[in-house]
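> Sequence and predicted structure are below.
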Amino acid sequence: MQKTRLILVGGFLGSGKTTLLRRTAGELLARGQRVALITNDQAPGLVDTAFLKQAGLAVSEVSGGCFCCRFDQFVARAQEHLAQGQVDVILGEPVGSCTDLSATVLQPLKDLCGSQFQLAPFVVLVDPPRAREALSPPAPGGFPENVYYIFRKQLEEADAIVLNKADAYPDAEVRPLAALLRREFPTKPLLVISALTGVGLDAWLAFIGKPQPAGLHIPEIDYDLYAEGEAALGWLNARVDITAPLTTHWAPFCRKLLQHFRESLAEAKAEIAHIKLFLSTPLGSLTGNLTGGASGPVIQSGLQGPSQNASLLINARVHMLPEALRVAFERSLLEAGGGDLEIRVRSLESFSPARPQPTHRYTRVVELTA
Ligand SMILES: Nc1nc2c(ncn2[C@@H]2O[C@H](COP(=O)(O)OP(=O)(O)OP(=O)(O)O)[C@@H](O)[C@H]2O)c(=O)[nH]1
Ligand SMILES: [Mg+2]
């Protein structure tokens, strides 16, 4: 029986994993391949899952812990996709604050599931400014050093590095960074792409389509530092129902919400890793994103018109205590609503990720003969 190709795309929060996976899935489907996706988060209510489902893709999720701590759930989701019909490719997106995936996911997959899945090289996606910060210690960015520790470990364990968002920065910035990554990681293939515009996508598809060894690197990981780095980030997942007195265009509301949120985090000097929202109405959906740095909210609307009711999903990952993050979010929601909207928070979780407790941890690279 033909094995299903399993492609895991890692990388720090906001580096563009979901954007790349959505585009990759679209390209593979257009080439006649059958594709499924698995998303992952520490808590339920994932914007990524909603975003990919709205694109008509077959998506399942592992929530409540990362792939390494929920390894059996991850394998169960992958097997469910197989049971539902022939699948040629499964694309998986691990949590962006996770590392040590080679030891805890890739090696066990090769060892325990090698007869079902053919693992592609583990690719780690990077956002140019974040990579520059992480590779220039002491990091000049807004995260504490233990967060950049995770970022660097992600690069160390990668089989290949993909420098994303090439469209957003001049060549004069991208080229020296690519050179720095090549110097630091001379044995790892490096691709430069834009998941958004499709630049470099053919090379990317050719790379993931080629049978190659996967999970070649198992770096030493200091779990105390890793746990501290993850715990330095506040996490918020919320579902909110909103009713307006009259039919409303929701894009301005979402923009205001993200702007207020951003201002209140800037006041608290809390660095944003990624804030993303997904708003749906009977007339379609809209996504909004905020990543760190100076860039403002990016709103992409697929709404076909105004409506009175909307459901909002929001996921925020910020260098801030979870309780303060919740307060900042709730305040921003009220400010964006301006007193006119009826806002019902259906669920809200804010927390810092717990210490990672992987199901397996292999210390040696599993060699595959076939
Ligand atoms: N300019 C530009 N923006 C991009 C590109 N790829 C992704 N983005 C934007 O970066 C933001 C984050 O993208 P996502 O795909 O959600 O990133 P992610 O890595 O899945 O984020 P998490 O799931 O939170 O870890 C969104 O606003 C994307 O539109 C790119 O190639 N160029
Ligand atoms: Mg994502």
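Yes, it's here. Ligands and ions are numbered 1, 2, ... in the order given.
> ok, and does stretch 7-17 reach over to ligand 1?
Yes. Stretch 7-17 is in contact with ligand 1 by C-beta under 6 Å from any ligand atom, via 11, 13-17. Using the backbone N, CA and C atoms, a C-beta is placed for each residue, glycine as well.
> and ligand 2, which of those residues contact it?
Among the residues of stretch 7-17 next to ligand 1, the residues within reach of ligand 2 (C-beta under 5 Å from the ion) are residue 17.
> Nearest to ligand 2 among the residues of stretch 7-17 next to ligand 1?
When the residues of stretch 7-17 next to ligand 1 are ranked by distance to ligand 2 (C-beta to the ion), residue 17 comes first, at 4.7 Å.
> Based on its surroundings, how many neighbours for that closest one?
Neighbour count of residue 17, defined by other C-beta atoms under 10 Å: 28.
> Could you number the chain from 5 rather than 1 from now on?
Fine by me, first position is 5 from now on; the one you just mentioned is residue 21.
> Correct me if wrong: it contacts residue 99.
No. Between residue 21 and residue 99 there is no contact under C-beta atoms under 8 Å: 9.9 Å.
> Now tabulate the residues of stretch 11-21 next to ligand 1 in JSON lines and tack on distance to residue 258, pLDDT and secondary structure.
Listed next are the residues of stretch 11-21 next to ligand 1 as JSON lines, based on distance: C-beta to C-beta, whole Å; pLDDT from 0 to 100; DSSP: H, G, I helix; E, B strand; the rest coil:
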{"residue": "15", "distance to residue 258": "25", "pLDDT": "98", "secondary structure": "strand"}
{"residue": "17", "distance to residue 258": "20", "pLDDT": "98", "secondary structure": "coil"}
{"residue": "18", "distance to residue 258": "17", "pLDDT": "97", "secondary structure": "coil"}
{"residue": "19", "distance to residue 258": "22", "pLDDT": "98", "secondary structure": "coil"}
{"residue": "20", "distance to residue 258": "20", "pLDDT": "98", "secondary structure": "coil"}
{"residue": "21", "distance to residue 258": "22", "pLDDT": "98", "secondary structure": "helix"}
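> I'd like to know which of the residues of stretch 11-21 next to ligand 1 are buried.
15, 17-21 (16 or more other C-beta atoms under 10 Å).
> ok, and the closest non-adjacent residue to residue 133?
residue 297 (5.7 Å; C-beta to C-beta, 6 or more residues apart in numbering).
> I figured residue 83 hits residue 121, correct?
No. If you go by C-beta under 8 Å, residue 83 and residue 121 don't touch, sitting 9.5 Å apart.
> Tell me what residue 317 is bridged to.
residue 243, residue 282 (DSSP bridges).
> The one 5 residues further on too?
Beta bridges link residue 322 to residue 238, residue 276 when assigned by DSSP bridges.
> thought it was touching residue 272?
No. If you go by C-beta under 8 Å, residue 322 and residue 272 don't touch, sitting 9.1 Å apart.
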